[in-house]
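Q: this one's structure only:
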DNA sequence: CGTTACCTTGAATCTCCTCAATACACGTGG
DNA sequence: CCACGTGTATTGAGGAGATTCAAGGTAACG
């Protein structure tokens, strides 16, 4: 089933892919929040140094390693996680089209988590040595960087609340609702259908349960009829009910205030 | 015991406290990471609009509410947490002297977590309406804001890993080690001693266990002899061993790179 | 000197984990 | 083309881990 996906992605990508013009540029996806000025847009175009394609399952960034680039996701899904020596690992976040990854490497000297590709992924490359110019010349974009960091913090806080306080079915309901609504904002849904490239093993590492227990809890949650999920094919049937099951009230999710 | 603390704090604060000069100003505490230019320092001094004193146990910021100010902690400890309707709550982070709080209110339109005072606290008030000037005129400080947000994200990631993957004694070892080393960096330790104003109930909400189980696991951890903790008086006896018990390798913790 | 807040402990119960086995889809090499 | 290995999903059973209920203890406060 994951292979189905992989096959599609392979087929859809002729060898030398044309580089996406900056109308679709990563930071520009923030137009979901606000519009850029022409100057900002021009700068962003000059910021982008190319694109990086990574196969499903490939590593994009490794914890404790450095990176001379920032990236934003142009297409595909990525997974952010932290590992402990003995093999345990915790998924800390997902990255969907429009999401920024690798900020820690630019701001500290090393990543504090790893990033791997869940599907075949195309990333926009933003060299960190131009980042300083962004701060010096484009206060609006500098503010956006802070905004993005704060958003990440906010998501991690939600996950932490979930893992720390909610029980099995609540956690699953929460994360499925979260992933679905984020995917929808990223324009990845058709009606209530979504290609969800997450295995139960990865889901288990997200909610902090064993694979077996995750599976059993998921069976129970399926019986509520809120959704159907077979292979990578996810269909949302009753979003409100699912949100209720997570005891989760959707965040305001408003446009950036002008300070 | 918590009262001991409160009594001290009361005694130490004569009614109309003099406002701290900006040599000790919040953002300036970042000198732990880097030095400010004279211009930056001058701006920061103009940024600060006053101080706010909050008693132990008092609310500083509430989830879903807005705030027209940013704060940094000048003295005391604060707790950041998210609550679920039925009374459960998850501590997402602690705030020590030098830490920034309330960024979310400035960047979004509402806080995504609450903040309460663990001890009597003095906060530096930074009105958000001057924040824009910071971004326009002081790229270095703007970068610092991003840095602070990324640091918060990093800590939340560590906590998430802990709560999601580590077992009882590991979690406690981790959080105690983390709090101790953060307190030391903030200059709150004398030798290996620390006034740790955290109750077991708050600790339980941090690690995601019930109070009873937290207590029992803590008893076991005490027997390792890594630390002594009676009331608010914490003494670190074997830091490395405690770190090992958490299966936690201390982060590099380096100075901000110059991009 | 009663109240309150915090810490501690035991017992019963439930949640979750590990081990183990099966099943299915897929891709690979013979 | 089939046999085999791999990755994923599923299910059962037994045991460790965590929760809840309940009770008692201490210190500080009014």
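A: Here it is on my side, so go on. Keep in mind that this is a model prediction, so the values were computed, not measured.
Q: from now on I want contacts and neighbour counts done on CA atoms only, so please keep to that.
A: Will do.
Q: quick one: the helices in the stretch 101-250 of chain A?
A: Under the criterion DSSP state H, counting those that start in this stretch, helices of the stretch 101-250 of chain A are mapped to A:103-107, A:131-137, A:139-165, A:168-185, A:200-207, A:211-222, A:239-245.
Q: who in the stretch 101-250 of chain A is up against DNA strand C?
A: Applying CA under 7 Å from any atom of the strand, one finds that the stretch 101-250 of chain A approaches DNA strand C through A:167-168, A:208-214.
Q: try 10 Å
A: Taking CA under 10 Å from any atom of the strand, the part of the stretch 101-250 of chain A that reaches DNA strand C is made up of A:163-171, A:204-205, A:207-217, A:231.
Q: now the buried members of these.
A: Of all these considered here, the ones buried according to neighbour count by 16 or more other CA atoms under 10 Å in any protein chain shown are A:163-166, A:168-171, A:204-205, A:207-209, A:211, A:214-215, A:217, A:231.
Q: thinking again about what came up before, let me have the helices of the stretch 101-250 of chain A in JSON lines, adding distance to residue A:67 and mean pLDDT as columns.
A: Conversion of the helices of the stretch 101-250 of chain A to JSON lines gives the following (distance: least, CA to CA, whole Å; pLDDT from 0 to 100):
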{"stretch": "helix A:103-107", "distance to residue A:67": "6", "mean pLDDT": "93"}
{"stretch": "helix A:131-137", "distance to residue A:67": "13", "mean pLDDT": "94"}
{"stretch": "helix A:139-165", "distance to residue A:67": "17", "mean pLDDT": "95"}
{"stretch": "helix A:168-185", "distance to residue A:67": "26", "mean pLDDT": "95"}
{"stretch": "helix A:200-207", "distance to residue A:67": "25", "mean pLDDT": "97"}
{"stretch": "helix A:211-222", "distance to residue A:67": "32", "mean pLDDT": "96"}
{"stretch": "helix A:239-245", "distance to residue A:67": "37", "mean pLDDT": "94"}
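Q: list the beta-bridge partners for the most centrally placed residue in chain A.
A: Most central residue of chain A, judged by C-alpha distance to the mean C-alpha position with CA atoms, centre = their mean, is residue A:95 at 1.5 Å. Using DSSP bridges, the bridge partners assigned to residue A:95 are residue A:78.
Q: can you check the pLDDT for it?
A: Predicted confidence (pLDDT) for residue A:95: 97.
Q: can you check residue A:1 too?
A: 36.
Q: quick revisit: could you pull up the residues touching the residue nearest to the centre of chain A?
A: With contact set as CA atoms under 8 Å, 6 or more residues apart in numbering or on different chains, residue A:95 has these partners: A:73, A:77-80, A:101.
Q: ranking by neighbours, what's the top pick from the residues you listed?
A: If you count neighbours using other CA atoms under 10 Å in any protein chain shown, the busiest of the contacts of residue A:95 is residue A:78, which has 29 neighbours.
Q: sec struct for residue A:56, please.
A: Secondary structure for residue A:56, judged by DSSP: H, G, I helix; E, B strand; the rest coil, is coil.
Q: ok, it touching residue A:120?
A: Yes - the pair residue A:56 and residue A:120 passes the contact test of CA atoms under 8 Å, sitting 4.4 Å apart.
Q: look up how far residue A:126 lies from residue A:71.
A: Using CA to CA, to the nearest Å, one obtains 6 Å as the distance from residue A:71 to residue A:126.
Q: quick one, phi/psi of the residue of the stretch 151-259 of chain A found nearest DNA strand C?
A: Taking CA to the nearest atom of the strand as the measure, the point where the stretch 151-259 of chain A comes nearest DNA strand C is residue A:209, at 3.5 Å. Phi and psi for residue A:209, reported as degrees, to the nearest 10, are phi -110, psi 170.
Q: can you pull the contacts of it?
A: Applying CA under 8 Å, 6+ apart, one finds that residue A:209 lies in contact with A:168, B:164.
Q: measure it to DNA strand D for me?
A: As defined by CA to the nearest atom of the strand, to the nearest Å, residue A:209 lies at a distance of 11 Å from DNA strand D.
Q: cool, residue A:124 as well?
A: Counting by CA to the nearest atom of the strand, the gap from residue A:124 to DNA strand D is 26 Å.
Q: please apply the same query to residue A:91.
A: In this structure, residue A:91 lies at 15 Å from DNA strand D, with CA to the nearest atom of the strand as the measure.
Q: can you pull the contacts of that residue?
A: Residue A:91 sits in contact with A:79-82, A:202, A:205-206, B:161, where contact means CA under 8 Å, 6+ apart.
Q: mind checking which helix or strand the residue nearest to it when sequence neighbours are not counted is in?
A: What sits nearest to residue A:91 in space, not counting adjacent residues and going by CA to CA, 6 or more residues apart in numbering or on different chains, is residue A:81, at 4.1 Å. Under the criterion DSSP states H and E, the helix or strand holding residue A:81 is strand A:78-83.
Q: what residues does chain A put near DNA strand D?
A: Listed as neighbours of DNA strand D in chain A under the rule CA under 10 Å from any atom of the strand: A:1-3, A:56-57, A:118, A:164-167, A:196-204, A:210-220, A:222, A:229-232.
Q: redo that, cut-off 7 Å
A: Counting by CA under 7 Å from any atom of the strand, the residues of chain A close to DNA strand D are A:2, A:198-201, A:211-213, A:215-216, A:219, A:231.
Q: export the residues you listed as CSV, with columns for distance to residue B:187.
A: Shown next, in CSV, are these (distance: CA to CA, whole Å):
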residue, distance to residue B:187
A:2, 51
A:198, 44
A:199, 45
A:200, 45
A:201, 43
A:211, 43
A:212, 46
A:213, 44
A:215, 47
A:216, 48
A:219, 51
A:231, 53
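Q: picking that back up, which residues are in contact with both of residue A:71 and residue A:126?
A: In terms of CA under 8 Å, 6+ apart, residue A:71 and residue A:126 are not both contacted by any residue.
Q: closest one of the residues of chain A next to DNA strand D to residue A:144?
A: Nearest to residue A:144 among the residues of chain A next to DNA strand D, counting by CA to CA, is residue A:198 at 29.0 Å.
Q: phi, psi for the closest one please.
A: Here the main-chain torsion angles of residue A:198 (degrees, to the nearest 10) amount to phi -120, psi 130.
Q: one more: residue A:72?
A: Reported as degrees, to the nearest 10, the phi and psi values for residue A:72 are phi -130, psi 150.
Q: any idea which helix or strand carries residue A:40?
A: helix A:38-47.
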